[in-house]
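J.: Show me how the following folds:
(one chain, ligands or ions: 1)
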Amino acid sequence: MDGDGHAKNKDERILSTFCFPFKRKTCLLFLSIEFVSKLLPCGYDIKATTQVILNAWQIGRDSKSYNNPEEYEPERFLSSDIDYKGTRYELIPFGAGGRGCSGIQFAVAVKEIALANLVHKFDWALPGGARGEDLDMTEPTGATVHRKYPLKAVGIPYSC
Ligand code: HEM
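T.: Have a look, this model is predicted:
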């Protein structure tokens, strides 16, 4: 960042603007909604108090919303008006609407500070000279996404 807090290059722009979506895959897989009144969407009769589970994992991988949805391309958000604040249903890690996450500002600030410090203060490598392609990215079944095999990384303090 420069003295005015502006990002100098593309990497910094991505980090400062959209470092939160980097962690999209660690967010909730499923969001739930409880209908408070009877609704008839698309001809379906859904009675009040029915709990509906939204598959946020699949929503984030919809090719109607994203080109190459399976590719890790955080820079895609630089040229897009999609954000995570709950007004664009393509990306809803914090839910949406009146019962959306009320801790969103706090969560985003804390995560950005933590991530920015880790990236700013350390170079990162995999143990034993392993390469990214060697990682086993298997995910177990569950309501949240996490790695089946924990990521081990070596932080090398950055001195200049
Ligand atoms: C990365 C961190 C976080 C994520 C991904 C997250 C995500 C969510 C999601 C998906 C919901 C349900 C929204 C819905 O039903 O539409 C929710 C609700 C909520 N979150 Fe978070 N949250 C995070 C951090 C926090 C923090 C730090 C706080 C408090 C300091 C917080 C407070 C709440 C509260 C109070 C609700 C319930 C809102 C309501 O039902 O009216 N969250 N959050």
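
J.: going forward, measure contacts and count neighbours with C-alpha atoms only.
T.: Will do.

J.: okay, T26: pLDDT?
T.: Note for T26: predicted pLDDT of 38.

J.: likewise G100?
T.: Model confidence at G100 (pLDDT) stands at 85.

J.: list the contacts for it?
T.: 86, 94 (CA atoms under 8 Å, 6 or more residues apart in numbering).

J.: So what does it look like in phi/psi?
T.: phi -60, psi 170 (degrees, to the nearest 10).

J.: Quick check: the gap between it and the ligand.
T.: G100 sits 4 Å away from the ligand, going by CA to the nearest ligand atom, to the nearest Å.

J.: Ok, A116 next?
T.: Relative to the ligand, and taking CA to the nearest ligand atom, A116 is found at 15 Å.

J.: okay, now that residue: neighbour count?
T.: For A116, the count of nearby residues is 15 (other CA atoms under 10 Å).

J.: Determine the three-state secondary structure at it.
T.: Under DSSP: H, G, I helix; E, B strand; the rest coil, A116 falls in the helix class.

J.: Flag every residue of the protein that's near the ligand.
T.: For the chain, the residues in contact with the ligand (CA under 6 Å from any ligand atom) are 27, 31-32, 93-96, 99-104, 106-107.

J.: Could you work out the most separated pair of those?
T.: S32 and F106 (21.9 Å; CA to CA).

J.: which stretches of the chain aren't confidently modelled?
T.: For the chain, residues meeting the criterion pLDDT under 70 lie at 1-42, 160.

J.: Helices of that one, start to end?
T.: 10-22, 56-59, 104-121 (DSSP state H).

J.: Mind giving me the packing neighbours of the last one?
T.: Under the contact definition 3 or more CA pairs under 8 Å, 6 or more residues apart in numbering; DSSP states H and E, helix 104-121 sits against helix 10-22.

J.: now do 10 Å
T.: The contact analysis (3 or more CA pairs under 10 Å, 6 or more residues apart in numbering; DSSP states H and E) places helix 104-121 against helix 10-22, strand 154-157.
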